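**Student:** could you work out the structure for the sequence below:
(chains A, B and C)
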Amino acid sequence: MITLSSDFGWAYPAAMRGVIAARSDARMIDISHEFPRGDIRAAGFWLRELLPWFPPAVHLVVIDPGVGTERAVLALDAGDHVLVGPDNGVLIPVARTLDPDFDAYELETIDAASDTFHGRDVFAPLAAEIHGRAPQGLDTFSAVSSTDEWVDLSLPEPDIANDSAVGEIVVLDSFGNAITNVPGSFVQNDFGAEITVNGEPVSVERTYGAVDSGDRLVTVGSHGNVELAVRDGRGAAGFDVDVESAVRFSKRA
Amino acid sequence: MITLSSDFGWAYPAAMRGVIAARSDARMIDISHEFPRGDIRAAGFWLRELLPWFPPAVHLVVIDPGVGTERAVLALDAGDHVLVGPDNGVLIPVARTLDPDFDAYELETIDAASDTFHGRDVFAPLAAEIHGRAPQGLDTFSAVSSTDEWVDLSLPEPDIANDSAVGEIVVLDSFGNAITNVPGSFVQNDFGAEITVNGEPVSVERTYGAVDSGDRLVTVGSHGNVELAVRDGRGAAGFDVDVESAVRFSKRA
Amino acid sequence: MITLSSDFGWAYPAAMRGVIAARSDARMIDISHEFPRGDIRAAGFWLRELLPWFPPAVHLVVIDPGVGTERAVLALDAGDHVLVGPDNGVLIPVARTLDPDFDAYELETIDAASDTFHGRDVFAPLAAEIHGRAPQGLDTFSAVSSTDEWVDLSLPEPDIANDSAVGEIVVLDSFGNAITNVPGSFVQNDFGAEITVNGEPVSVERTYGAVDSGDRLVTVGSHGNVELAVRDGRGAAGFDVDVESAVRFSKRA
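**Tutor:** Sure, this is the predicted structure:
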């Protein structure tokens, strides 16, 4: 199985599907091609949430604002999964989740037909080749070398105290929910109660349906993080926040 | 075969694909994940139009604005198809189309890892399990109980007379065509003629190409219903209507 | 393998997937269903860029603004590929790329259940049937006749001199890059230098990353054509151009 992730939108992903289909019978599953363009941190967050649900697979990831520059091409051996993508940090959070002791390999890139579409010309052929060689490890490739030098990506850590937390918005989802980096455990005893969000009282609820349509709530999303939401609306607008906005939570005494 | 339908947009559907792929070799086909958010009536309409074209399958449907509340989880045995989704009415129109005598089962829900993403944590595992047990019927599950109490959904019925009809807009499609609940048979003898739509004359045509670019027309869409369209434009804007707008048709004597 | 391309957006493609799945076990791969609505030239360009990366396949293409009118239904035998779609030119550029001597067949259309959705009622069943008969040629169908009369589509040709070129914007991609019809060879010796674009100096670069975020550049896209881009932005806006805008390039002495 090969999964495909990119920020390419509607047209270019088909070229990657074709390149893989021409070289491999592997089942292909699209993760999404609507990752926010060039946003390595957002993609790092979402891949960490999504890929661990899959069975063992080769995961092709092309969020690559540095395409054509000197950045390396990585393959990470993480548990039963292999992650293939650019060396810009996007693969690291999910690799750590899959296997804290993942092994990293730098791949000799093949000659690229273009300087602007390595997804098609470099990453997709490599993913197909890696899939075809399994279960041989990446260390059997002549064109790879083990490396300990790769670009790291750490998602921001919140400051958590007993009755307060300061975090930030990491991503918005497609519903407009604003997902913070504060773990859900911070509010685990507060369901049904109010806390303040940037100074304003908001109720903490297990489900969107617990408040009236249009009302704001604090909840714990499926990713396990505290999120700011509006029932049948967009949390980001309702709380006037965007990615990287600071969010201060305080429990009422 | 398992089909997937939701209103999740670009990111979350991948988690459902992963959960199913980890539990089943079933072929997966996406219906769409762009159903209008939380709009049970629109989803009920579209599923009724789309799913009957498929061969026997398990259809996973997650348009679920009540996620995490007390609403039940249903599996409907409808002809050779099984529909799995929330008990909010969204499954009913297509179930009736597939088999007017469909059987309904309420499923004991498994412990959900989250209160906000039952698509991933409840519905997808159930769909995979149901698919894996086929051709055993749903009545062989220990965790289900037959039920006659489920939330119904009836799409609105028009008032049809010989020379006039009063209906409403049920959905807009992605072209902006405004699809009414008036059956195409109402205009079957009027192709090439004019009728009035909310008092204004419009020609009835078999094809969009029969009028000039930018002109309005009444036609019968692929769903068999009367629709309001603008060639190369958006019918909803051209007729100044939206979902639930009343539409009055009158034939000229 | 059957690939699917259309301008249908989110809902209707599922009906085509169902029709094919009900008639064929063929693997289905979506190219895209977000082709610009009714834009035959843009679809002709993109299909020429995307489909040749695939292994032998039946390619179903439904960009069909003349649906329901008298336009014919074509199947083109182009190398190891078969292209199925309306006779409006959309299939021609990719057919020429796959095989300059492609053979064209006109298909007797089956009775259509609707006048507005031939993708579901005409093209999808034909694609499934053609796939099922392979490797028998199209000439073994009783319902086809060889034809030399089909609607042509030529993408516009630029005027190229030694130090200047006049072309036009053919399509915008989903990043907003404005793709011209000027071949990349025109700037192959100019990387790192400036040329003028409609009178204003812009640097020619191999990669987006070679300029600062927000800056304009001229580059050669993955399609091999000169494109106008803005790093982390939208080239069409940055250069104030749209599809069919004229673009004049001049090299500085």
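**Student:** how about the helices in the stretch 51-200 of chain A?
**Tutor:** Taking DSSP state H, counting those that start in this stretch as the test, the helices found in the stretch 51-200 of chain A are A:92-98, A:118, A:124-133.
**Student:** weakest of the ones you listed by average pLDDT?
**Tutor:** When mean pLDDT is averaged over each of these, helix A:118 scores lowest at a mean of 89.
**Student:** does any part of that helix sit near chain C?
**Tutor:** No - for a cut-off given as C-beta under 8 Å from any C-beta of the partner chain, helix A:118 has no contacts with chain C; the smallest distance is 9.0 Å. From N, CA and C alone the C-beta is placed, and that goes for glycine too.
**Student:** now do A:R48 against chain B, distance only.
**Tutor:** A:R48 is 12 Å from chain B, where distance means C-beta to the nearest C-beta, to the nearest Å.
**Student:** could you tell me whether that residue really is in a strand?
**Tutor:** No - if the criterion is DSSP: H, G, I helix; E, B strand; the rest coil, then A:R48 is helix and not within a strand.
**Student:** in this structure it contacts A:P93, no?
**Tutor:** Yes - contact status for A:R48 versus A:P93: in contact at 4.2 Å, counting by C-beta atoms under 8 Å.
**Student:** what lies in contact with stretch A:5-15?
**Tutor:** Stretch A:5-15 is contacted by residues A:4, A:16, A:30-39, A:43, A:47, A:59-63, A:117, A:119-120, A:124, C:3, C:29-32, C:34-35, C:46, C:49-50, C:53, C:173-175, C:222 when judged by C-beta atoms under 8 Å, 6 or more residues apart in numbering or on different chains.
**Student:** straight-line length of that stretch, end to end?
**Tutor:** Distance between the boundary residues of stretch A:5-15 (C-alpha to C-alpha, to the nearest Å) amounts to 13 Å.
**Student:** now tell me what touches stretch A:101-111 from outside.
**Tutor:** Stretch A:101-111 has contacts (C-beta under 8 Å, 6+ apart) with A:72-79, A:87, A:95-96, A:118, A:121-122, A:125-126, A:138-139, A:141, A:143-148, A:150.
**Student:** could you list which of the residues you listed belong to strands?
**Tutor:** Among these, the members falling in strands are A:73-78, A:144-146 (criterion: DSSP state E).
**Student:** could you identify the most distant pair in the residues you listed?
**Tutor:** Distances among these were taken as C-beta to C-beta; the most separated pair is A:A78 and A:S145, at 17.7 Å.
**Student:** tell me which of these two has more neighbours.
**Tutor:** Using other C-beta atoms under 10 Å in any protein chain shown as the criterion, A:A78 and A:S145 rank with A:A78 on top: 24 against 12.
**Student:** ok, now which ones touch the more buried one?
**Tutor:** For A:A78, the contacting residues are A:94-95, A:98-99, A:102-103, by C-beta under 8 Å, 6+ apart.
**Student:** out of these, who's the most crowded?
**Tutor:** A:A95 (29 neighbours).
**Student:** wait, what's in contact with that one?
**Tutor:** In this structure, A:A95 makes contact with A:76, A:78, A:83, A:102, judged by C-beta under 8 Å, 6+ apart.
**Student:** roughly how far does it sit from C:N177?
**Tutor:** 31 Å (C-beta to C-beta, to the nearest Å).
**Student:** likewise for A:D139?
**Tutor:** Using C-beta to C-beta, which is the criterion applied here, A:D139 is 39 Å from C:N177.
**Student:** likewise for A:D77?
**Tutor:** Distance, A:D77 to C:N177, by C-beta to C-beta: 35 Å.
**Student:** coming back round to it: could the helices of the stretch 51-200 of chain A go into a markdown table alongside distance to B:I195?
**Tutor:** Written out in a markdown table, the entries for those read as follows (distance: least, C-beta to C-beta, whole Å):
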| stretch | distance to B:I195 |
| --- | --- |
| helix A:92-98 | 58 |
| helix A:118 | 56 |
| helix A:124-133 | 53 |
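**Student:** buried deepest among the ones you listed, which one?
**Tutor:** Using mean count of other C-beta atoms under 10 Å in any protein chain shown, the stretch among the helices of the stretch 51-200 of chain A with the greatest mean number of neighbours is helix A:118 (a mean of 26).
**Student:** that older thread, what's the ChimeraX syntax to select whichever of the contacts of stretch A:5-15 are buried?
**Tutor:** Typed into ChimeraX, the line below selects the buried ones among these, using 16 or more other C-beta atoms under 10 Å in any protein chain shown:
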select /A:4,16,30,31,32,33,34,35,36,37,38,39,43,47,59,60,61,62,63,117,119,120,124 /C:3,29,30,31,32,34,35,46,49,50,53,173,174,175,222
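**Student:** and for A:P135, the neighbour number?
**Tutor:** A:P135 - counted by other C-beta under 10 Å - has 6 other residues nearby.
**Student:** for A:D242, same thing?
**Tutor:** The number of residues packed around A:D242, counting by other C-beta under 10 Å, is 11.
**Student:** one more: A:A22?
**Tutor:** Other residues within reach of A:A22 by the criterion other C-beta under 10 Å amount to 16.
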